Every structure is written in structure tokens, then in C-alpha cells.
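Colleague: My questions are about this predicted structure, shown below with the sequence.
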Amino acid sequence: MLSLLKSSDITLLEIETNLVDAVWGSERPPRPTNPVRMLGIEFSGKSVKDKLAIMREDMTLENAETLVVSELDEIACKYEYCYSVKLKHVCAWVKNVNSKTGLLNLRGTDLPEAPTFFAFAILTHTEIELFIEDVKLSDEIKGTLINETDATISFSPYQTILDRLKIRVGRNLTNYM
């Protein structure tokens, strides 16, 4: 894409103000804090442990150190698409894991008519960090995820994803959340 832009004399300019935020102004409603629920393997098709192993195998094949899960349905719903965007040593990509639900076998109700919830995840070969508001996860779900990931999962506030990515990428990123 960058080569197309360079050859067409088109320049992308960074803007200081998020235009969506400007339109919302002070009337933007807060993000929902509805609790998520865990699906059993009879509905999800594979355990979280198995899905993480598959994703890590795919990361190895792609020479990726890190998977950034950023779409609502990637964490909560079925994968359908595969794409790759590489930034330095960070590779953000999604791959079909042949299951009925997403990476962590969770469902939410943050959006009407969709079983999704607001969250991000960063997966490496040795750990996974879930960025989600703490109020959404019961102690039981946290315990299940800790067990399913062999205690390699950590939980961070939703809004801290950008700071974590800046550390991983090692350069400035712009927040459009």
C-alpha cells in the first residue's frame, strides 16, 4: 500500500483530533461494562489451550513474535479471515482456527445483536495479555482462563493497550480508540 501511495503523489497526513470523538463531543455514551461469559467446549469446538497452540504454530510459520488481536469478533466469535500486517517485530494477523468461537471462548453483549465485547489481546509465544475492563470478568472466568493458559494470561485495563504497544513496537503510535 505504501508503494501505491508513493507512486501516486498522495500523502497521508496525521491529524491531531480524532474526528469521531469530535462528532460525539460530550454526548458519547460510555462503553458497556456488561459481564462476559465463557462457552464450553461443546459450543466452542476447541479449548482455549488448543486454540492458543494453533495460533502460536501459525505465528512460528509467519516468523511473528506477537499477535495483536484487535477486532471485537476475533476474541469473541468465529474467525473467517486471514491477513497480515508486519510492523518491525510486531505482526498483527488473524487466522481461521476452525472453531465456532474466538480465541478465548468468551461471549459478550456489548453490541446489540452481536455476541461480542470490547477487549484487545496481545499473544506471544509464551504469554497472552487480555485488555478488558476488570468488571467484565468474574473470578470464575479469570480462574478458568488462568487454568486454560497454564497461568500465562494476564489482565490489563482496556485503555492501556496503546501504552503496551508503544513499548513493544518501540515508537510513537497514535490513539484512535
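Modeller: Yep, it's here.

Colleague: C-alpha from now on. contacts and neighbour counts both.
Modeller: Fine.

Colleague: Low-confidence bits of the chain, can you list those?
Modeller: 1-5, 71-101, 170-177 (pLDDT under 70).

Colleague: any idea which residue sits dead centre in the chain?
Modeller: Val69 (2.6 Å; CA atoms, centre = their mean).

Colleague: Show me the beta-bridge partners of that residue.
Modeller: Residues in a beta bridge with Val69, per DSSP bridges, are Ala121.

Colleague: From here on, call the first residue 50.
Modeller: Got it, first residue is 50 now, which makes that one Val118.

Colleague: What residues are bridge-paired with Glu178?
Modeller: Under the criterion used (DSSP bridges), Glu178 bridges to Ile171, Ser203.

Colleague: does it really touch Leu153, like I thought?
Modeller: No. Between Glu178 and Leu153 no contact is recorded; they are 11.4 Å apart, counting by CA atoms under 8 Å.

Colleague: And these two? Which one has more around it.
Modeller: Per other CA atoms under 10 Å, whichever of Glu178 and Leu153 has more neighbours is Leu153, with 24 against 18.

Colleague: Are we agreed that that one is in a helix?
Modeller: No. Under DSSP: H, G, I helix; E, B strand; the rest coil, Leu153 falls outside any helix and is assigned coil.

Colleague: quick one: Val72 and Thr66, what's the gap?
Modeller: 11 Å (CA to CA, to the nearest Å).

Colleague: What's the separation between Trp73 and Lys98?
Modeller: 40 Å.

Colleague: more crowded one of these two?
Modeller: With neighbours defined as other CA under 10 Å, Trp73 and Lys98 compare such that Lys98 has more, 16 against 10.

Colleague: residues of the helix or strand containing the more buried one that come out buried?
Modeller: In this assignment (DSSP states H and E), Lys98 forms part of helix 97-110. Neighbour-count burial for helix 97-110 flags Val97, Lys98, Lys100, Leu101, Ile103, Met104, Arg105, Asp107, Met108 (criterion: 16 or more other CA atoms under 10 Å).
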